[in-house]
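Q: return atomic coordinates for the entry below.
(2 chains)
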Amino acid sequence: MYSTKLALLNLGRRRSRTAFTLSAIAIAVAMTILMTSAGLGLKAGASAMYAQKVDYWIVPPGSGVTDPIINSEQTMLGDVHQNIGMILANPGVNGASPVLNEVVYASASGGRDSVGDCDGSGETKAILGIGVIPGAIDAPPVSSEGFTDGDCGSTHEAVINEKTSRLLALETGDLIYAGESQRSLQPFEVVNVVALPEYSLYPIIVLHLSELQELTGNRDHDRANQIIVSGGTRDFLESVYPNATVLTNTELTAHNIYGDKRILATTVAVVGVSVLICVLFISTTMVISVNEKQREFAVMRAIGISDATIVKIVLCESVILSLAGGIVGALMSVGTRAIILGFGVPLVMPPLLLVAGVALAVFAGVLSGIFPAMISGRFDLAKLVG
Amino acid sequence: MLATETIAHNGFRSALSITGVAIAVISVVVIASLGNGLLTTGEERFDQSTMHIWMSGKSVEISSQYLGIKEAGIDGAHELADQLHSEETISMASPILTEIVYAFKEGEEPKPLFGIGVMGRVGTEVHMVRVSEGSPLSGSTHYNAGRYDGNWTYEVLIDSRAIVALNATIGDYIFVGKTLSEAEDQRFKIVGIANSLAVFSSNPMIVFHLSELQDLTGSKYYDRVNLLVIRLHDPAAADFVKEDLESRYPYEVSTNREYLRKILRQNATILVSATAIVALAVVMGMVLVITTMLLSLNERRREIGILKVLGFSKKSLFMEIGLEGLIICVIGGVFGCLVSFPIARLLNALIYRAVGFDGLVAIEPEFVYMGFSLAIIMGLIATAVYVAGINRITPIDLIRGT
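A: Numbering: from 1, shown residues only, chains lettered A, B, ... in the order given. Next comes the predicted model:
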């Protein structure tokens, strides 16, 4: 395609200008991706960790209600043990487990210390409890070593992460006391201390589902927050839980963005500003580029090249520029991901988000290419030559 | 002045730079106003609420407060409230449970709403929650000294937003439960409408007797609530009472101001994003203007060289063309300041629709000055760059053709 070739040649000729506009677009796109990513990471919290191994998420219907003042809460599913049995019985399913997230108090000693010792280890701390059915699915933390598989009763086993281990000065073999009331904490044996990067945000304790349910008053109605499934089909899962929503990983991300108004607002604002900035930069470059070529366009028209082709050439240049900028921006955000994770800010960067970022740039490119393309059609040969 | 003519001649390009400056200015004005609005509105609402101290469970790590909202609860709420009531300084101590519940009227779609459980004679004149229509909740014996086996009233109050969400009103029956399957077996009657708790949330709410909501949600085993609000006889003693309570109870205690700050911290992501947006807009705007300046300078190297050869002084050169950057920025600044107002109004409308809070983007004169000063600063920087560029053009290079 000639227009592509011409566009590339053009961009190559003015390297510094191309590089400059490219970086501007890349920065805007990278910022958009990173900010949305951070918002998602915070929202997803602990559940971000399962993303690679899980095919489907069964979540309660309706988005959880989130509120700037009252803390965001999660909706729940009921009768999970019964339904998990049905799900696991299906030969197409590789693994599935309900997941319960509840904040609990924990301490290294069983007694209640209302004031706390000076060394801090006697004081109770609030940590995040996760209840799963160990061994039911090959995804950490469900697949942590040390747990007795299944969920039959009072194993009193717990798996903690490094943060908890440091917070309460505990190691494998120690006892950890946990519960909803600081005055009646139950003992659990630490069977393993795990160290996974996605875990490092909060101090976590993983328990057998029924035991966490018992601790937090969710046993009666057998409640959990979601069910993660590996394998299986959407139809089958929807038949088990007709009232719930079944989502893939990508859909979960969209669900999270849409459900939390704060993330939605931030995302919209960032996208809006980024698109504007990209449009401004690309337009500036394109206008100058088109201006330079007045003579060439006039000659082209004189030899019979249609206006449409000229417009195509201009648009091509603009789109290629923005596409390249978008891709560079996406790469930049992937590159800085590790650094930012190191600062302790959770980032959830599903491929969909990266694609969306590039699409944003291309969208800006098309927008900004249109006006200069229209101008380019207006060059009057006679005026130029004369 | 040549500068104005140049700007007019390159109409589209100038428009782009002006827009760039305008965006930077708008973002500064709007975000500063939003921040200011959040703080003042927040403080007003708290003062209005006539509560002075807020007690909540411990948070998962102080630093994680910035990252999200994870708090444990307060257990033994009824007993704790009694203990606090007996204190001299405290006139009222009210435990509050907030839990998401599913609720629906027969034949309607179930929706997740906030269930709020409060103690006492809920809905009466003397209570924190007052009905504006209908009747207060009947007295409840359900708690029964912690056995939770008394009779249920099966009555609730709802707020105006819930009326819309549930398409229900006084006299209707709604099914409520923590999960959908539980809701089908639990029916409550709406006896009144109360909007007093609008300060706590922007979402639709259903108000229950505390013990009944605790029973519904499994919080009864440890008599758990999320929050305990305290009203003092003497509001001025808030700081003192907070310190005292914090030393005696293993919970987080905040005064109004501290609680507001806590909420802001928990929403830190938005604030950080807003700052990032402003930074992005300002930096990009600056870069755009400078680029445009340099480009237009490049186009006119020959003319400037000739003018220099002709003997134009630096000052005259400056007056004729050097001001181009400043003029663009000033125009952009004025434009930006003006457009900020309708944008603020649009944002207010959107925010109101989204979260129910109103008038958050409150533009004060200071912010407009701030925005305009930003434009001037950008203009000065652009001018400095431009002048430096002009100085670097030597006629001899042009004659030689380099």
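
Q: and residue 161, how many neighbours?
A: I went with chain A, as the question did not name one. Residue neighbour count, defined by other C-beta atoms under 10 Å in any protein chain shown, stands at 27 for residue A:161. Using the backbone N, CA and C atoms, a C-beta is placed for each residue, glycine as well.

Q: right idea, wrong chain: chain B
A: Other residues within reach of residue B:161, judged by other C-beta under 10 Å, total 18.

Q: what's the closest non-adjacent residue to it?
A: Distances taken as C-beta to C-beta, 6 or more residues apart in numbering or on different chains place residue B:204 nearest to residue B:161, at 3.9 Å, with adjacent residues excluded.

Q: roughly how far apart are the one you found and residue B:168?
A: To residue B:168, residue B:204 is 11 Å away according to C-beta to C-beta, to the nearest Å.

Q: how close does the residue nearest to residue B:161 get to residue B:101?
A: Using C-beta to C-beta, one gets 11 Å for the distance from residue B:204 to residue B:101.

Q: can you pull the residues of the stretch 151-300 of chain B lying near chain A?
A: When proximity is defined by C-beta under 8 Å from any C-beta of the partner chain, the stretch 151-300 of chain B lies next to chain A at B:178-182, B:200-203, B:217-222, B:224, B:226, B:247-250, B:263, B:266-267, B:269-270, B:272-274, B:276-277, B:280-281, B:284, B:287-288, B:291-292, B:295.

Q: looking at those residues, which are in helices?
A: Among those, the ones falling in helices (DSSP state H) are B:180-182, B:217, B:247-248, B:263, B:266, B:269-270, B:272-274, B:276-277, B:280-281, B:284, B:287-288, B:291-292, B:295.

Q: what subset of those residues is buried?
A: Neighbour counting by 16 or more other C-beta atoms under 10 Å in any protein chain shown classes B:180-182, B:217, B:263, B:266, B:269-270, B:272-274, B:276-277, B:280-281, B:284, B:287-288, B:291-292, B:295 among those as buried.

Q: okay, which residue is most central for chain A?
A: Centroid-nearest residue in chain A: residue A:348, 2.8 Å away (criterion: C-alpha atoms, centre = their mean).

Q: per-residue confidence for that one?
A: According to the prediction, residue A:348 has pLDDT 72.

Q: same deal with residue A:323?
A: Reported pLDDT for residue A:323: 90.

Q: now do the contacts for the residue in chain B that chain A sits nearest to.
A: Nearest residue of chain B to chain A, counting by C-beta to the nearest C-beta: residue B:218, 2.9 Å away. Contacts of residue B:218 were listed using C-beta atoms under 8 Å, 6 or more residues apart in numbering or on different chains, and they are A:216-221, A:223, B:178.

Q: the helix or strand in which residue A:315 is found: what's the following helix or strand?
A: Secondary structure here is read from DSSP states H and E; on that basis residue A:315 sits in helix A:307-342. Moving toward the C-terminus from helix A:307-342, the next helix or strand (DSSP H and E) is helix A:351-376.

Q: so what are the sheet partners of the strand ranked longest in chain A and their directions?
A: As assigned by DSSP state E, the longest strand anywhere in chain A is strand A:93-107. Under the criterion DSSP bridges, strand A:93-107 sits next to strand A:125-132 (antiparallel), strand A:175-179 (antiparallel), strand A:226-231 (antiparallel) in its sheet.

Q: CA atoms only: put the first one into PDB for me.
A: If I follow you right, that is strand A:125-132. Taking Å, rounded to 0.1, in the frame of the first residue of the first chain, the C-alpha atoms of strand A:125-132 are listed here in PDB:
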ATOM      1  CA  LYS A 125      -3.600  -6.900  64.900                       C
ATOM      2  CA  ALA A 126      -6.200  -6.900  62.200                       C
ATOM      3  CA  ILE A 127      -5.200  -9.100  59.200                       C
ATOM      4  CA  LEU A 128      -7.000 -10.400  56.100                       C
ATOM      5  CA  GLY A 129      -8.400 -13.800  56.400                       C
ATOM      6  CA  ILE A 130      -8.900 -16.000  53.300                       C
ATOM      7  CA  GLY A 131     -11.000 -19.200  53.500                       C
ATOM      8  CA  VAL A 132     -10.600 -21.800  50.800                       C
END
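
Q: could you list the low-confidence segments of the chain?
A: Since you didn't name a chain, this refers to chain A. With pLDDT under 70 as the threshold, chain A has low-confidence stretches at A:1, A:41-52, A:63-73, A:110-122, A:196-201, A:257, A:259-263, A:343-346, A:371-386.

Q: if you could check chain B rather than the one you did, that'd help
A: Regions of chain B meeting the criterion pLDDT under 70 cover residues B:1, B:48, B:61-69, B:198-202, B:266-270, B:353-357, B:359, B:401-402.

Q: buried residues in the lengthiest helix in it?
A: When chain B is parsed with DSSP H, its longest helix is helix B:11-48. Along helix B:11-48, the positions that meet the burial threshold by neighbour count (16+ other C-beta under 10 Å) are B:13-38, B:41-42, B:45-46.

Q: list the contacts of the residue of the stretch 101-250 of chain A found nearest chain B.
A: Scanning the stretch 101-250 of chain A for proximity to chain B using C-beta to the nearest C-beta identifies residue A:217 as nearest, at 2.9 Å. Residue A:217 makes contact with A:180, B:217-222, B:224, according to C-beta under 8 Å, 6+ apart.

Q: leaving out chain neighbours, which residue sits closest to residue B:231?
A: If the residues on either side of it in the chain are set aside, residue B:231 comes closest to residue B:92, at 4.2 Å by C-beta to C-beta, 6+ apart.

Q: likewise residue A:332?
A: On the basis of C-beta to C-beta, 6+ apart, the spatially nearest residue to residue A:332 that is not a chain neighbour turns out to be residue A:30, at 4.2 Å.

Q: show the contacting residues for the one you found.
A: If a contact means C-beta under 8 Å, 6+ apart, then residue A:30 has A:329-330, A:332-333, A:336, A:357 as its contacts.

Q: tell me the spacing between it and residue A:37.
A: Note on residue A:30: its distance to residue A:37, by C-beta to C-beta, is 10 Å.

Q: and for those two, which residues touch both?
A: Overlap between the neighbourhoods of residue A:30 and residue A:37 consists of residue A:333, taking contacts as C-beta under 8 Å, 6+ apart.

Q: hang on, the earlier thing: are any of the contacts of residue A:30 buried, and if so which?
A: With neighbours counted using 16+ other C-beta under 10 Å, the contacts of residue A:30 contain these buried positions: A:329-330, A:332-333, A:357.

Q: and the residue nearest to residue B:231, its phi and psi?
A: Backbone torsions of residue B:92, given as degrees, to the nearest 10, read phi -150, psi 140.

Q: residue B:127 is in contact with that one, correct?
A: No: in this structure, residue B:92 is not within contact of residue B:127 by C-beta atoms under 8 Å, at 9.5 Å.

Q: the nearest residue to residue A:369 once chain neighbours are set aside - how many residues pack around it?
A: Nearest non-adjacent residue to residue A:369, counting by C-beta to C-beta, 6+ apart: residue A:318, 3.0 Å away. Residues contacting residue A:318 under the criterion other C-beta under 10 Å number 29.

Q: was I right to think residue A:318 contacts residue A:368?
A: Yes: here residue A:318 lies in contact with residue A:368, judged by C-beta under 8 Å, at a distance of 5.9 Å.

Q: so what's in contact with these two at the same time?
A: Overlap of the contact sets of residue A:318 and residue A:368 (by C-beta under 8 Å, 6+ apart) consists of A:282, A:286.

Q: tabulate the contacts of residue B:218 in a markdown table, adding columns for distance to residue B:8 and secondary structure.
A: Compiled in a markdown table, these are given as follows (distance: C-beta to C-beta, whole Å; DSSP: H, G, I helix; E, B strand; the rest coil):
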| residue | distance to residue B:8 | secondary structure |
| --- | --- | --- |
| A:216 | 70 | coil |
| A:217 | 73 | coil |
| A:218 | 71 | coil |
| A:219 | 76 | coil |
| A:220 | 77 | coil |
| A:221 | 73 | coil |
| A:223 | 69 | coil |
| B:178 | 67 | coil |
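
Q: lovely, talk soon.
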